[in-house]
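[1] show me how the following folds:
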Amino acid sequence: MTDVDFRQSQPLASGPQTTNLADILERVLDKGIVIAGDIKIDLLDIELLTIRLRLFVASVDTAKKAGIDWWETDPALSSRASRNALQEENRELRERLEALESGTSDD
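    This next block holds a predicted model:
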């Protein structure tokens, strides 16, 4: 019988590398991911309801690069947009008040 040398000169190639949740999340937020789907409810070949779902998951910077920035102008999500909406409403009310006052003083 011959002796078999079980020592290896090179380390074994490992299987697929594991990544943790933080790495995956960082990659998704950096590149962005789109999930799209439709839900359709029919009854006897009559379409009753269609819901279209589109989900874009990305970091703020990636979304801005994609031209998406609706949260900056939504008063419910941005204090600056909320202030701007209040200022605009205030301006419109002042204009209406001036128009009403100038209309009554001309009589």
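
[2] residue 91: how many residues sit nearby?
    Each residue near residue 91 was counted by other C-beta atoms under 10 Å, and the total is 10. In short, each C-beta sits where N, CA and C put it, glycine included.

[3] which stretch of helix or strand covers it?
    helix 79-105 (DSSP states H and E).

[4] centre of the chain to that helix, how far?
    Mean-position distance between helix 79-105 and its chain equals 33 Å (C-alpha atoms, centre = their mean, to the nearest Å).

[5] kindly report the same for stretch 50-57.
    11 Å.

[6] list the buried residues of stretch 29-38.
    The neighbour-count check on stretch 29-38 (16 or more other C-beta atoms under 10 Å) flags residue 29 as buried.

[7] tell me which element residue 26 is part of?
    Assigned by DSSP H and E, residue 26 falls within helix 21-31.

[8] name the next helix or strand downstream of that helix, please.
    Assigned by DSSP H and E, the successor of helix 21-31 is strand 33-43.

[9] who are the packing partners of whichever helix or strand comes after that next one?
    Where DSSP H and E defines the elements, the next helix or strand beyond strand 33-43 is strand 46-57. If you count contacts as 3 or more C-beta pairs under 8 Å, 6 or more residues apart in numbering; DSSP states H and E, strand 46-57 packs onto strand 33-43.

[10] pull up the pairing partners for the strand it packs on, direction included.
    Strand 33-43 has its sheet partners listed here by DSSP bridges as strand 46-57 (antiparallel).

[11] name the residues of the following helix or strand past the strand it pairs with that are buried.
    Next helix or strand after strand 46-57 toward the C-terminus (DSSP H and E): helix 60-65. For helix 60-65, the neighbour count (16+ other C-beta under 10 Å) marks 62, 63 as buried.

[12] mind saving the C-alpha coords of helix 60-65 as CSV?
    Provided in CSV are the C-alpha atoms of helix 60-65 (Å, rounded to 0.1, in the frame of the first residue of the first chain):
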residue,chain,number,x,y,z
VAL,A,60,-32.4,59.5,-1.9
ASP,A,61,-29.4,60.2,-4.0
THR,A,62,-30.2,57.4,-6.4
ALA,A,63,-33.8,58.5,-6.6
LYS,A,64,-32.7,62.1,-7.4
LYS,A,65,-30.4,60.8,-10.2
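
[13] kind regards, and thank you for your time.
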